[in-house]
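J.: Pasting the sequence and the predicted model now:
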Amino acid sequence: MAIPLAKLLISAVAVFLLVSASFATSEMPFMVVHKKATLNRLKSGAERVLVSLDIYNQGSATAYDVTLVDNTWDKKTFEVVNGNISRSWERLDAGGILSHSFELEAKVKGVYHGAPAVVTFRIPTQTALQQAYSTPLLPLDILAVKPPTNPLALRILAKYGSLVSVISMVVLFIYLVATPSKSNLAKAGSKKKR
């Protein structure tokens with residue numbers, strides 16, 4: 001009973017490996033889309049969000065009619081200041097990179113949770129459009145009151161922090177070597193009594 005079950009399991013694994021290997025070697029584009037947003041506080045008190053998207057084709061075939069749409073930014077919360085939230089390209093070759101960026105101005109204070117952008121593309125061997133999603137954004141704290149940082153303290157820490165660490169370790173080592181241990185003191189005391 002156990003032998004036929006083992007043979008069945010081994011044959012199922014072998015079929016799975018052959019099928020997955022055939023998919024892995026087929027020529028298809030594989031899109032990796034990275035979405036990044038950085039906040040920039042202006043002197044006027046407004047805050048701008050610079051959104052950059054990088055599309056990588058990690059597959060072995062060219063993708064055609066590549067379209068990027070990032071309509072996850074609420075029009076009540078953000079206003080497009082520079083660029084467009086969508087862009088199209090004719091093709092993306094295997095191993096190629098496409099980049100797009102745009103700038104938004106925040107209207108409302110609060111924490112914003114961004115959703116992934118959508119990339120659609122066409123493969124010559126298939127009629128249906130393919131979709132890829134970007135990485136999601138970490139929560140953005142828009143127009144938040146940030147405590148002021150002391151740039152002088154940060155510069156001093158960056159410049160001398162490692163030096164202070166090394167010197168303190170050397171001093172600790174010298175202290176440990178120079179200070180007699182309690183076991184040595186006990187041995188010396190017992191020798192004096194004799």
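T.: Looks like it came in fine.

J.: Report the rounded mean pLDDT for stretch 159-166.
T.: For stretch 159-166, mean pLDDT is 87.

J.: mind showing which ranges of the protein have poor pLDDT?
T.: 1-9, 11-26, 146-148, 182-194 (pLDDT under 70).

J.: Tell me which stretches of it form helices.
T.: For the chain, the helices defined by DSSP state H cover 2-25, 151-178, 182-193.

J.: Run a quick neighbour tally on residue 58.
T.: 11 (other C-beta atoms under 10 Å). Quick note: C-beta positions are derived from backbone N, CA and C, even for glycine.

J.: Pull the contacting residues for it.
T.: 30-32, 95 (C-beta atoms under 8 Å, 6 or more residues apart in numbering).

J.: now, which of the residues you listed lie within strands?
T.: 31-32 (DSSP state E).

J.: so which of the contacts of residue 58 is the most crowded?
T.: residue 31 (21 neighbours).

J.: In contact with the nearest residue in space to it that is not next to it in sequence, which residues?
T.: In this structure, residue 31 finds its nearest non-sequential neighbour in residue 132, 3.7 Å apart by C-beta to C-beta, 6 or more residues apart in numbering. By C-beta under 8 Å, 6+ apart, the contact set of residue 132 is 31-33, 118-121.

J.: and these, which are buried?
T.: Neighbour counting by 16 or more other C-beta atoms under 10 Å classes 31, 33, 118-121 among the contacts of residue 132 as buried.

J.: Kindly reformat the residues you listed as JSON lines containing distance to residue 144.
T.: Formatted as JSON lines, those follow (distance: C-beta to C-beta, whole Å):
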{"residue": "31", "distance to residue 144": "33"}
{"residue": "33", "distance to residue 144": "27"}
{"residue": "118", "distance to residue 144": "28"}
{"residue": "119", "distance to residue 144": "31"}
{"residue": "120", "distance to residue 144": "35"}
{"residue": "121", "distance to residue 144": "37"}
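
J.: if we take those residues, which one ends up nearest to residue 174?
T.: Distance to residue 174, by C-beta to C-beta, is smallest for residue 33 among these, at 55.3 Å.

J.: Tally up the residues packed near the residue nearest to the closest one when sequence neighbours are not counted, please.
T.: Nearest residue to residue 33, sequence neighbours excluded (C-beta to C-beta, 6+ apart): residue 134, at 3.8 Å. Residues lying near residue 134 (other C-beta under 10 Å) number 23.

J.: Can you give me every residue that contacts residue 134?
T.: 33-35, 53, 70, 116-119.

J.: Closest to residue 161 out of the contacts of residue 132?
T.: residue 32 (36.5 Å).

J.: wait, isn't that closest one in contact with residue 56?
T.: Yes - contact criterion C-beta atoms under 8 Å: residue 32 and residue 56 qualify, at 4.4 Å.

J.: related to what we said a few turns ago, quick check: bridge partners of the residue nearest to residue 31?
T.: residue 119 (DSSP bridges).
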